[in-house]
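Student: dropping a prediction and its sequence here:
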Protein chains: 2
Amino acid sequence: MDFTLIAQDPGCGARTGRIATPHGDILTPAFMPVGTQGTVKALTPERVASLGAQIILGNTYHLYLRPGHRLIREMGGLHRFMNWHRPILTDSGGFQIYSLGALRTITEEGAQFQSHIDGSRHFLSPETAVEIQEALGSDIMMCLDECIAYPAGRQDVQRALERTSRWALRSKKSRTNEAQALFGIVQGGVYPDLRRRSLEDLLAVGFDGYALGGLSVGEPKDLMMENLAATAPLLPADRPRYLMGVGTPEDLVEGVHQGIDLFDCVMPTRSARNGLLFTNGQKVVIKNARYREDDSPVDRTCDCYTCQNYSRAYLRHLYVAGEILAMVLNTIHNLRYYLRLMERIRDAVGNGRYSEFRKVFLEERKAAEGEDAAGSA
Amino acid sequence: MDFTLIAQDPGCGARTGRIATPHGDILTPAFMPVGTQGTVKALTPERVASLGAQIILGNTYHLYLRPGHRLIREMGGLHRFMNWHRPILTDSGGFQIYSLGALRTITEEGAQFQSHIDGSRHFLSPETAVEIQEALGSDIMMCLDECIAYPAGRQDVQRALERTSRWALRSKKSRTNEAQALFGIVQGGVYPDLRRRSLEDLLAVGFDGYALGGLSVGEPKDLMMENLAATAPLLPADRPRYLMGVGTPEDLVEGVHQGIDLFDCVMPTRSARNGLLFTNGQKVVIKNARYREDDSPVDRTCDCYTCQNYSRAYLRHLYVAGEILAMVLNTIHNLRYYLRLMERIRDAVGNGRYSEFRKVFLEERKAAEGEDAAGSA
């Protein structure tokens, strides 16, 4: 994996770059649609690519349990299995064990957990997490980390970050394929000094990229932003920086401001399936009766297939009728909204206008939220 | 609407033709994918067209109840509402009242029924059925008919067909837009002489096309085939002939043999959503464990997007995981199977080889069924 810095905004941390992987390049900052079970839900891979996705995320936990990483390896790896031929980043499974795995027990050796599907017992160690990701054949692998709930006391957070550091070293030692990049994950909860400590440990091991984990796990937004601002600038400038599981459009804009290069989140795809559509103005809750006879597109300024061809009235009808096409069309719109936002962000950084872009964007969002509140009052 | 006969097979009733409609031509014999609620379930209209669909069917009953024909008219008609710009045939709603409507009461005036969605009361007459279809703006409308359950006594069947004849006359009188074709529906249960009588009544009124209704409603297959063989040849040769709600691939081949031009059925789309995939050989029940590590496509001879890009193992994974993409990919395959079969049928008739085509096809299907039985034993 190779990372080239292209432009650095003079007024803030924002930057553009290019990550070269075995399956092609990724222009950063980039948003990674989530393809949990070997599919970005509801869409064909060609559609995902046509929306502007350069890389997607696959969930190691889910793919390990079903259909199994050995099966995927036999089928030629995840790219071939799911017919997606651009880069893939896989997480380590640590976050899902934390959020989904029942009766999990974390020891120094690794994590014992029960499948959320059938209750079967499994064990994931730093070494097996790498082994599974190597079987999947992702372009970027993540180290197994120990996620910790918010709120957590300082001592617990410190214990978890120290274990994460030891696991990071074991992860790096266990990899057998240098063509697959490996990223370390900074933990440390909402304690900036512990996050610094975590990063120092990871830098001592040395990784292809660095991620901020354990944010957006329930802490107040200002605490997240505070820790982001305290930690992101410390991440090495010559490596990709990844803010895991984040977030809202505003979060992406703020993340870029702090120098983040990669994001992933289920928000655009999951919201789409729940009938919540992103626009530059107010959010559209498509089931609302006010859209019953609304012949306009979801967003007049949007260039997506859905907005070019369908009315809010039709999308409301599909959603209310429980039609599969509702999920398809809504997902197309929301992903395009996110991916187009990233295009605008890259343009703004490339033109040295990111501070201005951020200011205008956040003001527009705030104004739209005000309308939302007025509209629902 | 204009119908041109292109070729007539010398050895049987099979023929090819062209139906010209305001939204384009339909080469017959043609299969119409069912788009019940203003969408062919799981697919975009562009995909449906790319699979070879020349015309789709919309369900008047469903669209009348939700989102309502007036709304669709305000939105510019069904074509624009759902973004499908090729021909549409709408049924009259009669069959859904018969199969879905609770507490229905049929009188000479029309049918009173309760919505299967919310129990609200509605009334559909021959006149309102035409009015609704004119609001939808379909290219081909169907007369409201009185469907009758199988088995039914001769007197009940006769009473229903006579009412259907009177309703057919009222339907024709009530239409206001000659650009939308109107088809009559032959009833008469499984009594060939009553079906002849029904047809004579309809011919006296005169329609743009003639349909066989009330078949494939639970009667034994040989009774259906017997009535099809007795009635289809009597339908006027210079008008399109439509066998409603039929059927299996074998049924289509037999229908064409008897001179049928149009078919519709939920079988390919509904089966797809249930994980049952059509092939020239055995049917593929995709959830079966035997496909777990099967790297081959559903059907090696199929030219569809699904078979060109995905393995049975992947499709099984998607289906077992409950992924929306399973519905999408399965529907693409099954619809392409049906529409490609129609292409092969049109080729065979055009080349004067339909009897041979039919013989080989039915033998292959029988052999495949034998393998199915052996495989599941």
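Tutor: Sure, I can see it. None of the values given here were measured: they were computed from a predicted structure.
Student: which residue is the nearest non-sequential neighbour of whichever residue of the stretch 101-250 of chain A sits closest to chain B?
Tutor: Distances between the stretch 101-250 of chain A and chain B by CB to the nearest CB are smallest at residue A:117, namely 9.1 Å. C-betas here are computed from N, CA, C, even on glycine. Leaving aside its chain neighbours, residue A:117 sits nearest to residue A:65 (5.9 Å; criterion: CB to CB, 6 or more residues apart in numbering or on different chains).
Student: quickly find the element holding the residue of the stretch 101-250 of chain A closest to chain B.
Tutor: Using DSSP states H and E, residue A:117 maps to neither a helix nor a strand.
Student: domains of chain A?
Tutor: A:2-265, A:272-376 (automatic domain parsing).
Student: in CSV: these, plus mean neighbour count and mean pLDDT.
Tutor: Output for the domains of chain A, formatted as CSV (neighbours: other CB atoms under 10 Å in any protein chain shown; pLDDT from 0 to 100):
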stretch, mean neighbour count, mean pLDDT
domain A:2-265, 20, 96
domain A:272-376, 19, 95
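Student: reformat the ones you listed as a markdown table; add distance to residue B:108.
Tutor: Converted to a markdown table, these look like this (distance: least, CB to CB, whole Å):
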| stretch | distance to residue B:108 |
| --- | --- |
| domain A:2-265 | 48 |
| domain A:272-376 | 33 |
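Student: among those domains, which comes closest to residue B:246?
Tutor: Residue B:246 lies closest, by CB to CB, to one member of these: domain A:272-376, at 24.7 Å.
Student: and the closest one, anywhere near chain B?
Tutor: Yes - contact between domain A:272-376 and chain B, assessed by CB under 8 Å from any CB of the partner chain, occurs at A:292-293, A:295, A:305, A:309-311, A:313-314, A:316-318, A:320-321, A:323-325, A:327-329.
Student: before we move on, back to that, for residue B:356, find the nearest of the domains of chain A.
Tutor: domain A:2-265 (37.9 Å).
Student: you'd agree residue A:345 is in a strand?
Tutor: No - using DSSP: H, G, I helix; E, B strand; the rest coil, the assignment for residue A:345 is helix, not a strand.
Student: for residue A:172, see how far away it is.
Tutor: Note on residue A:345: its distance to residue A:172, by CB to CB, to the nearest Å, is 31 Å.
Student: who in chain A is up against chain B?
Tutor: Checking chain A against chain B by CB under 8 Å from any CB, the hits are A:37-39, A:41-44, A:66-67, A:71, A:74-76, A:81-83, A:292-293, A:295, A:305, A:309-311, A:313-314, A:316-318, A:320-321, A:323-325, A:327-329.
Student: from those, which land in helices?
Tutor: Counted as lying in helices by DSSP state H, out of the residues of chain A next to chain B, are A:71, A:74, A:81-82, A:305, A:309, A:313-314, A:316-318, A:320, A:324-325, A:327-329.
Student: in the stretch 101-250 of chain A, which spans are helices?
Tutor: A:126-136, A:154-174, A:192-205, A:221-231, A:249-257 (DSSP state H, counting those that start in this stretch).
Student: need these in TSV with distance to residue B:207, can you?
Tutor: As requested, the helices of the stretch 101-250 of chain A are arranged in TSV below (distance: least, CB to CB, whole Å):
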stretch	distance to residue B:207
helix A:126-136	60
helix A:154-174	74
helix A:192-205	77
helix A:221-231	66
helix A:249-257	56
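Student: these: which one's closest to residue B:367?
Tutor: Of those, nearest to residue B:367 by CB to CB is helix A:126-136, at 39.9 Å.
Student: now do the closest one against helix A:154-174, angle only.
Tutor: Interaxial angle, helix A:126-136 versus helix A:154-174 (axes from the mean of the first three to the mean of the last three CA atoms, to 10 degrees): 50 degrees.
Student: helix A:126-136 packs against which elements?
Tutor: Under the contact criterion of 3 or more CB pairs under 8 Å, 6 or more residues apart in numbering or on different chains; DSSP states H and E, helix A:126-136 touches helix A:60-65, helix A:69-74, strand A:88-90, strand A:140-142, helix A:154-174.
Student: quick one, which of the ones you listed gets closest to residue A:110.
Tutor: Residue A:110 lies closest to helix A:154-174 among the helices and strands packed on helix A:126-136, at 8.1 Å (CB to CB).
Student: helices and strands around the closest one, which ones?
Tutor: Under the contact definition 3+ CB pairs under 8 Å, 6+ apart, helix A:154-174 sits against helix A:126-136, strand A:181-186, helix A:192-205.
Student: which other helices and strands contact the last one?
Tutor: Secondary structure elements in contact with helix A:192-205, counted by 3+ CB pairs under 8 Å, 6+ apart, are helix A:154-174, strand A:181-186, strand A:209-212, helix A:221-231.
Student: of all the ones you listed, which one is nearest residue A:48?
Tutor: Comparing the helices and strands packed on helix A:192-205 under CB to CB, the one sitting nearest is strand A:181-186, at 21.1 Å.
Student: which other residues reach the closest one?
Tutor: Outside of strand A:181-186, the residues within contact range by CB atoms under 8 Å, 6 or more residues apart in numbering or on different chains are A:1, A:21, A:92, A:94, A:130, A:139-143, A:145, A:164, A:168, A:171-172, A:175, A:195, A:198-199, A:202, A:205, A:207-213, A:231, A:235, A:240, A:242, A:244.
Student: what residue lies at the spatial centre of chain A?
Tutor: Most central in chain A under CA atoms, centre = their mean is residue A:264, positioned 1.0 Å from the mean C-alpha point.
Student: shouldn't that residue be in contact with residue A:89?
Tutor: Yes - contact criterion CB atoms under 8 Å: residue A:264 and residue A:89 qualify, at 7.5 Å.
Student: list the contacts of residue A:54.
Tutor: So residue A:54 contacts A:24-27, A:30, A:86-87 (CB under 8 Å, 6+ apart).
Student: and if you look at residue A:327?
Tutor: A:41-42, A:272-273, B:324.
Student: likewise for residue A:105?
Tutor: With CB under 8 Å, 6+ apart, residue A:105 has these contacts: A:111-113.
Student: likewise residue A:338?
Tutor: A:31, A:33, A:249, A:252, A:268, A:278.
Student: ok, the residue lying closest to the last one once chain neighbours are set aside - contacts?
Tutor: Read it as residue A:278. Nearest residue to residue A:278, sequence neighbours excluded (CB to CB, 6+ apart): residue A:337, at 4.3 Å. With contacts defined as CB under 8 Å, 6+ apart, the neighbours of residue A:337 are A:249, A:268, A:277-279, A:299, A:302, A:304.
Student: looking at those residues, which one is closest to chain B?
Tutor: Using CB to the nearest CB, these come closest to chain B at residue A:304, 12.4 Å.
Student: which residues touch the closest residue to residue A:147 other than its chain neighbours?
Tutor: Of all residues not flanking residue A:147 in the chain, residue A:98 sits nearest, at 3.9 Å (CB to CB, 6+ apart). Residues in contact with residue A:98, defined by CB under 8 Å, 6+ apart, are A:104, A:147-149.
Student: joint contacts of residue A:264 and residue A:89?
Tutor: Counting by CB under 8 Å, 6+ apart, the shared contacts of residue A:264 and residue A:89 are A:32, A:57, A:242.
Student: my read is that the last one contacts residue A:212, right?
Tutor: Yes - proximity of residue A:242 to residue A:212 meets the contact threshold set by CB under 8 Å, at 7.2 Å.
Student: is it true that residue A:212 touches residue A:243?
Tutor: Yes - in this structure, residue A:212 is within contact of residue A:243 by CB under 8 Å, at 5.1 Å.
Student: between the two, what contacts are shared?
Tutor: A:228, A:232, A:260.
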